[in-house]
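> show me the folded form of this:
(one chain, ligands or ions: 2)
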Amino acid sequence: MEEHEVKVILLGSSSVGKTCVINRYTKDEFTQSTMATVSAGFQLKEVRIGQYSVKMQLWDTAGQERFASLSKMFYRGCHACIFVFDLSEPRTLQALYKWRTEFIDIGTYDKDLIPPMFLVGNKKDLKKSTKVTPTDVENWINNEEIGYFMVSAYKCIGINEMFEAICEKALHFKMKLANKKEIPTLLAEKEDDDNPTKENKDSSCCS
Ligand SMILES: Nc1nc2c(ncn2[C@@H]2O[C@H](COP(=O)(O)OP(=O)(O)O)[C@@H](O)[C@H]2O)c(=O)[nH]1
Ligand SMILES: [Mg+2]
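Ligands and ions are numbered 1, 2, ... in the order given. Model prediction:
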């Protein structure tokens, strides 16, 4: 089976549940009080997608301002980005505008190669979870190609489906990236074939 590894980062204010969402998926456990995440680290989850075995690195970052500049180091090389907010706290969705801009500035390869992005509203189990309205979410997505999921790490609602969908998109992006990188080499080879002068020069150089 073909093996791949993808890097996925979770961004969002502190206390929205990033660590709980990851723990639910990787260990199927929920702890009421997780320690505030310091800086960033990742957990691994193996996912089977068709003929591929994918190791998904889930990068957990600290939402606190004082770690913000540190988190940026982890934006690079991502194959997908998950923006997490708390469905019962509208300000946590508003806070994500800044993160999205930052991620696009720092974490993307070039204009045409922006890693797939996802918006995740956590704590769906709470009565207050209707505080963030569908209009708020629509405004944030702003007709971009951004997948939206409502989940609960606590009640384990929508978590597996969300990560599996994201893993598939991340793998797809990684392959697109690899193909793009191959193009210059293929063009160079073709040029060599069509160019006997260069071929001669090459062979004389080796003899
Ligand atoms: N009700 C409810 N509480 C949650 C859920 N996910 C996380 N929490 C709580 O939210 C708080 C912050 O979670 P944590 O994962 O540490 O947030 P982080 O700072 O984004 O990593 C903790 O007290 C969790 O128990 C959820 O789905 N539902
Ligand atoms: Mg955390």
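> from here on, contacts and neighbour counts on C-alpha atoms
Fine.
> residue contacts, residue 29?
By C-alpha atoms under 8 Å, 6 or more residues apart in numbering, the contact set of residue 29 is residue 23.
> check which helix or strand covers it.
Using DSSP states H and E, residue 29 sits in no helix or strand.
> roughly how far does it sit from ligand 2?
14 Å (C-alpha to the ion, to the nearest Å).
> mind checking how far that residue is from residue 142?
Residue 29 sits 34 Å away from residue 142, going by C-alpha to C-alpha, to the nearest Å.
> now residue 87
18 Å.
> who has more neighbours, these two?
residue 87 (27 against 10; other C-alpha atoms under 10 Å).
> residue contacts, the residue lying closest to the more buried one once chain neighbours are set aside?
Once flanking residues are discounted, residue 87 sits nearest to residue 129: 4.6 Å by C-alpha to C-alpha, 6 or more residues apart in numbering. Listed by C-alpha under 8 Å, 6+ apart, the contact partners of residue 129 are 86-89, 123.
> now residue 96
12-13, 83-85.
> just put the residues you listed in JSON lines and tack on distance to ligand 2 and pLDDT.
Converted to JSON lines, the contacts of residue 96 look like this (distance: C-alpha to the ion, whole Å; pLDDT from 0 to 100):
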{"residue": "12", "distance to ligand 2": "10", "pLDDT": "93"}
{"residue": "13", "distance to ligand 2": "9", "pLDDT": "92"}
{"residue": "83", "distance to ligand 2": "13", "pLDDT": "97"}
{"residue": "84", "distance to ligand 2": "11", "pLDDT": "98"}
{"residue": "85", "distance to ligand 2": "12", "pLDDT": "98"}
